[in-house]
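**Student:** Kindly generate the corresponding structure for this input.
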Amino acid sequence: MSWFKRKDKGIQTPTAAKKEAPDGLWYKTPSGKIIHTRELKNNAYVSPEDGYHTRIGSKEYFEILFDNNTFTELDPEMESGDPLKFADSKPYPKRIKESQNKSGLKDAVRSAYGKMNGLDITIACMDFSFIGGSMGSVVGEKIARAIDHSIKHNIPFLMISKSGGARMMEAGLSLMQMAKTSAKLALLSEAKIPYISLLTDPTTGGVTASYAMLGDFNIAEPGALIGFAGPRVIRETIGKDLPKGFQSAEFVLEHGFLDFIVDRRNLKSRLTTLLKMLK
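**Tutor:** Numbers count the residues shown, from 1 in each chain. Coordinates of the predicted model:
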């Protein structure tokens, strides 16, 4: 009755010869959807099944927005000093170097200019992977210089925010960037040059309290967390439960603080249409 049992064990692969799937080949969304990273990239880093917008940085946004991923970066070598000699559990310069080595970035924002569907534009984009996208002196200075570039060349300015807020290691110097960037945006407004602010997940703290909410058009990605203090802090402060969806982009839009929400897959075309209308 040999047909009821297997006489040989078939192909046997030694454990040492077995190959594991490379790390990062698949991506799992919070809802449990699995997607190949190549497909995710081709879909503007949005899960096609549930529309979940994964967190991306300046590299990916520049790929999506600039024609043929061609752009000229502004102030690419600018990096933070240590004027306050801040030392907590780790010296600030050491923390900066570790973040640079880990992220491949000089600081938490990159700025560049190029063409978007043939239109000239300056873009500054924050990177959450660098100390939580915190706003320090370099972030404020690079944004200010990017605005200066838009004013000098009379081209629109797009700010893509993604931040945990001010950088505590720079204390008051970090908070000064709120005033500096706001003053520069006032000059941009006087020159009648369009400023579009895109708020992505998360946009909080001093960034929300300054340039992120000062756009001629404030727009956001679906589901982005937008606020000043975090929900837990607010809940503990007021002693009440918060409404469902509190601080989500949809909640903020409903209460009049956003102009519209845009799917990242349509971002480039929507921005182009908006800027052509303003022209």
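**Student:** helix/strand/coil for Gly223?
**Tutor:** Three-state call for Gly223 (DSSP: H, G, I helix; E, B strand; the rest coil): coil.
**Student:** which ones are touching it?
**Tutor:** For Gly223, the contact set (Cβ atoms under 8 Å, 6 or more residues apart in numbering) comprises Tyr52, His53, Asp201, Ser248, Ala249, Glu250. Yep, even glycine has a C-beta here, placed from its N, CA and C like the rest.
**Student:** Looking at those residues, spot the one nearest Ser31.
**Tutor:** For these, the residue nearest Ser31 by Cβ to Cβ is Tyr52; the value is 6.6 Å.
**Student:** Which residue, other than its chain neighbours, is closest to the closest one?
**Tutor:** The shortest distance from Tyr52 to any non-neighbouring residue, by Cβ to Cβ, 6 or more residues apart in numbering, is to Thr29 (4.3 Å).
**Student:** Could you report the neighbour count for the one you found?
**Tutor:** 17 (other Cβ atoms under 10 Å).
**Student:** Same check on Glu236?
**Tutor:** Neighbours of Glu236 under the rule other Cβ under 10 Å: 11.
**Student:** where exactly do the strands run in the stretch 151-279 of the chain?
**Tutor:** Per DSSP state E, counting those that start in this stretch, the stretch 151-279 of the chain carries strands over the ranges 157-163, 195-203, 217-220, 260-261.
**Student:** quick one: contacts for the closest residue to Asn43 other than its chain neighbours?
**Tutor:** Distances taken as Cβ to Cβ, 6+ apart place Arg265 nearest to Asn43, at 6.6 Å, with adjacent residues excluded. Listed by Cβ under 8 Å, 6+ apart, the contact partners of Arg265 are Asn43, Ala44, Val46.
**Student:** Can you lay out the strands of the stretch 151-279 of the chain as a markdown table showing distance to Thr272, mean neighbour count and mean pLDDT?
**Tutor:** A markdown table is the format used below for the strands of the stretch 151-279 of the chain (distance: least, Cβ to Cβ, whole Å; neighbours: other Cβ atoms under 10 Å; pLDDT from 0 to 100):
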| stretch | distance to Thr272 | mean neighbour count | mean pLDDT |
| --- | --- | --- | --- |
| strand 157-163 | 11 | 27 | 98 |
| strand 195-203 | 11 | 25 | 97 |
| strand 217-220 | 13 | 22 | 98 |
| strand 260-261 | 15 | 14 | 98 |
